[in-house]
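Engineer: give me coordinates for this.
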Amino acid sequence: MYWYEHNNSEICNSVVDLVSKLQQDHSERIQSNLEFMRMYGQKNYTQLGTSGALFKGQQAGMRFNPNVMRLNVAQSQVDTISSKIGRNKPRPLYLTRQGDYMLRRKAKRLGDSMEGLFMEQKLYGLMSRVFTDACVQDLGVLKIFRDGDKIRTERVFSNHLFWDLDEALYAEPRSMFQKMEMHKSSLIHMFPEKSQQIEASGIQDSYSQESDYEQELTDCYEGWHLPTSEESDDGRHVICLDGVTLLDEHWNYDRFPFVFLRWSDAPLGFSGTSLVEQLEPVQREINSLLIRIQQSMALMSSPYFFVPIGSKVSPNHLRNAPGTILMYAGQQPPVSYVPQAMSGEVYNHLDRLLQRAYEISGISELSATGRKPSGLDSGVALRIYTDIETERHMLTAQRYEQAFMDCAEWFMDLAEDIVEDSGSFSVRSMRKKGFDVSDFKDVRMAQEDYQLQAWPISLLPSTPAGRVQTVQELVNLGILDSKEQITKLLDYPDLSSVTHWMETAENDIEWRISKILDDNEYIAPDPLMNLELAKSRMQLAYLEARQQGVEQEKLDLMLTFVTQAQGMLNVANASQAEGPSPAQPTAQEIVAGLEQTGEASENVTEMTELETPMELSPEMDTEPPPETLPS
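Structural biologist: Numbers count the residues shown, from 1 in each chain. Reported below is the predicted structural model:
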């Protein structure tokens, strides 16, 4: 009988026995991860309890052999690649069917809400640490679970997870277990009806000293079994202690509540290959050479004195002090000799090992040291140099982005469960200048209506030189044609006080467009706004909305806005042509002129009831393009 087929009273013993057996099967993997952690962190992680959770012993967690010189190439490269990959901040992009405008707008709001959940969970910082775990250990693990009406995330030590190695030889296993030591008070808070059994439990660890602190901890086992198929009902989720079942429920998801991240996929098995594991042979040889060099320098770097017999030179006179006068008798004075500590080939071999280490990982030594190659001063050259390293780690970067998309899928499923149970789930929707609080039930979508895709937070280079160069190329190609667009893409914090006003005109028209499309609310053009920009942006928004099948009522509002903006421009141009000076008309003059010509109205209804048909400008007198215009 399989473990998930036992009844509620027997399943706890089945899980505990199975985890104990799997722990022995995973012993080699556990010790390897501890060795890689020791190599990366220069800490003694070897004296651990059998659960792999506690630091036992006097020297546990302390630096080992502090007097031995080491050059930690593995740590340098892990920190470098973590900084390169971890600076990316992917966000979910929900793609929908063409032609359905309302679905597209809801997908945009869902993406904003999911980005708000990312911020609330501090996911970018947490995932950066998980990526470092993947570089050091065989797996980087992030656990996502529901806590009442909230969603929680926590980083998990991969040595706490166990699965059947034979079952996962070619694919993911069907069952997985997590064993960790938890405070009894936390478990009592979660399961108050089992308080007596929890208090009586303890740690099954041969290293345990039975201290007062350790008596507050207990071994907690959690197991998952995935359903065999969508129609089957054999999925199961249990939380238990030794002899006590705390939770026993059906598991309806087709995946475990973890997001797994790997530096490199292993040829066989579920776990991956870490960067430290790839560098281990070179790092060990570097450590060996450095120890030999240190010993030789200590032995051979001190000078030796050859004193002839009978020269009557006192050894006390041979000291390391400036201005020492040494008296001697005889024809041969004392001779000092400083032998060569190590051969030059040893140092050359050390340099070659360092170079090979960077070649194995694909990380340049200049990146690890934070230096720029000499001669690369232009933005184009720096961008090309960065792209060479980026291509080397493209698969790793894609796995990092996919981890965020896996988190988004779990957030979506758990939020759906919370809405079904409690009726609502408040989320923060990120905006350009802040956030809004909305209910998830208003933005959720059916799974068949969208396709999830990773979207980088910025496609421009991160360095100021590269960003300026890229924006300059876009200007030369004619893609950018306004100061507002340029300042928005540069996005320099120290220039925000200046560029903020340049972006106001574009933000204002975008706000008016969103009011029409989202709230069916019309806000007329203002004489003080950039009327040319407003008319052009509204025309493009009209063409796009017509392709997406937006209601005719909203299309009429957009046409009304274009008509009013054009009327204001005509009045302004006429005032300039008739006036004695090229001075700009005031806002009151423009409004008065509109009232005289009948081109302004008190409300939208009057504008839509004009007797003369509206004449579209040349930009609008075209058929909609075959592809969707950018919003």
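Engineer: distance of the nearest residue to residue 172 once chain neighbours are set aside from residue 309?
Structural biologist: Closest residue in space to residue 172, ignoring its immediate chain neighbours: residue 270 at 6.2 Å, by Cβ to Cβ, 6 or more residues apart in numbering. C-beta coordinates here come from the backbone N, C-alpha and C atoms, glycine included. Residue 270 sits at a distance of 74 Å from residue 309 (criterion: Cβ to Cβ, to the nearest Å).
Engineer: these two: who's more crowded?
Structural biologist: Taking neighbours as other Cβ atoms under 10 Å, residue 270 and residue 309 compare with residue 270 leading, 21 against 7.
Engineer: gap between that one and residue 400?
Structural biologist: For residue 270, the distance to residue 400 - Cβ to Cβ - is 19 Å.
Engineer: mind listing what's buried in the host helix or strand of residue 110?
Structural biologist: Residue 110 belongs to helix 101-120 when assigned by DSSP states H and E. For helix 101-120, burial by neighbour count (16 or more other Cβ atoms under 10 Å) applies to 101, 103-118.
Engineer: swap in stretch 221-232?
Structural biologist: So stretch 221-232, judged by 16+ other Cβ under 10 Å, has buried residues 221, 222, 223, 224, 225, 226, 227.
Engineer: any chance of those residues in TSV, plus secondary structure?
Structural biologist: TSV is the format used below for the buried residues of stretch 221-232 (DSSP: H, G, I helix; E, B strand; the rest coil):
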residue	secondary structure
221	strand
222	strand
223	strand
224	strand
225	strand
226	coil
227	coil
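Engineer: redo those as CSV? Include pLDDT and distance to residue 420.
Structural biologist: Below are the buried residues of stretch 221-232 laid out as CSV (pLDDT from 0 to 100; distance: Cβ to Cβ, whole Å):
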residue, pLDDT, distance to residue 420
221, 94, 28
222, 95, 23
223, 95, 25
224, 95, 21
225, 95, 23
226, 93, 21
227, 92, 19
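Engineer: closest to residue 72 among those residues?
Structural biologist: Nearest to residue 72 among the buried residues of stretch 221-232, counting by Cβ to Cβ, is residue 222 at 35.2 Å.
Engineer: I'd like to know how far the closest one sits from residue 187.
Structural biologist: 11 Å.
Engineer: likewise for residue 242?
Structural biologist: Applying Cβ to Cβ, the value for residue 242 to residue 187 is 13 Å.
Engineer: which strands or helices does the helix holding residue 110 pack on?
Structural biologist: Helix 101-120 sits against strand 91-95, helix 394-422, strand 426-430, strand 435-439, helix 496-519, with contacts defined as 3 or more Cβ pairs under 8 Å, 6 or more residues apart in numbering; DSSP states H and E.
Engineer: so for the first one, what gets flagged as buried?
Structural biologist: Okay, so that is strand 91-95. Residues of strand 91-95 classed as buried by neighbour count (16+ other Cβ under 10 Å): 91, 92, 93, 94.
Engineer: okay if I get the residues you listed as a markdown table plus pLDDT?
Structural biologist: As requested, the buried residues of strand 91-95 are exported to a markdown table (pLDDT from 0 to 100):
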| residue | pLDDT |
| --- | --- |
| 91 | 82 |
| 92 | 82 |
| 93 | 79 |
| 94 | 78 |
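Engineer: ok, back up a step: does the residue nearest to residue 172 belong to a helix, a strand or coil?
Structural biologist: Going by three-state DSSP: residue 270 is coil.
Engineer: may I have the phi/psi pair for it?
Structural biologist: phi -80, psi -40 (degrees, to the nearest 10).
Engineer: list the residues that contact it.
Structural biologist: By Cβ atoms under 8 Å, 6 or more residues apart in numbering, residue 270 lies in contact with 163, 168, 172, 173.
Engineer: show me how to select, in PyMOL, the buried members of those.
Structural biologist: Typed into PyMOL, the line below selects the buried ones among these, using 16+ other Cβ under 10 Å:
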select buried, resi 163+168+173
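Engineer: in strands only, show me the contacts of residue 270.
Structural biologist: Counting by DSSP state E, these place none of their members in strands.
Engineer: pLDDT check: weakest of the contacts of residue 270?
Structural biologist: Ranked by pLDDT, the contacts of residue 270 bottom out at residue 172, which has 85.
Engineer: how far away is it from residue 26?
Structural biologist: 16 Å.
Engineer: what helix or strand is residue 293 on?
Structural biologist: helix 275-300.
Engineer: pLDDT (mean, whole number) over that helix?
Structural biologist: Mean pLDDT, helix 275-300: 86.
Engineer: again with stretch 121-132
Structural biologist: For stretch 121-132, the per-residue pLDDT averages 92.
Engineer: buried stuff in that stretch?
Structural biologist: 121, 123, 124, 126, 127, 128, 130, 131, 132.
Engineer: and those residues, which of them are in helices?
Structural biologist: 123, 124, 126, 127, 128, 130, 131, 132 (DSSP state H).
Engineer: got JSON lines for these, with distance to residue 567 too?
Structural biologist: Converted to JSON lines, those look like this (distance: Cβ to Cβ, whole Å):
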{"residue": "123", "distance to residue 567": "49"}
{"residue": "124", "distance to residue 567": "48"}
{"residue": "126", "distance to residue 567": "54"}
{"residue": "127", "distance to residue 567": "53"}
{"residue": "128", "distance to residue 567": "54"}
{"residue": "130", "distance to residue 567": "58"}
{"residue": "131", "distance to residue 567": "57"}
{"residue": "132", "distance to residue 567": "61"}
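Engineer: tell me the one among those residues nearest to residue 339.
Structural biologist: residue 132 (44.2 Å).
Engineer: host element of the nearest residue to the closest one once chain neighbours are set aside?
Structural biologist: Nearest residue to residue 132 in three dimensions, chain neighbours excluded: residue 82, at 4.9 Å (Cβ to Cβ, 6+ apart). Element membership for residue 82 (DSSP H and E) is helix 73-86.
Engineer: so what does that helix touch, helix or strand wise?
Structural biologist: helix 27-41, helix 123-136, helix 275-300, helix 344-361, helix 365-369, helix 394-422.
Engineer: cutoff 6 Å now
Structural biologist: Packing partners of helix 73-86 (3 or more Cβ pairs under 6 Å, 6 or more residues apart in numbering; DSSP states H and E): helix 27-41, helix 123-136, helix 275-300, helix 365-369.
Engineer: highest mean neighbour count out of the ones you listed?
Structural biologist: Among those, ranked by average contacts under mean count of other Cβ atoms under 10 Å, first place goes to helix 123-136 (a mean of 21).
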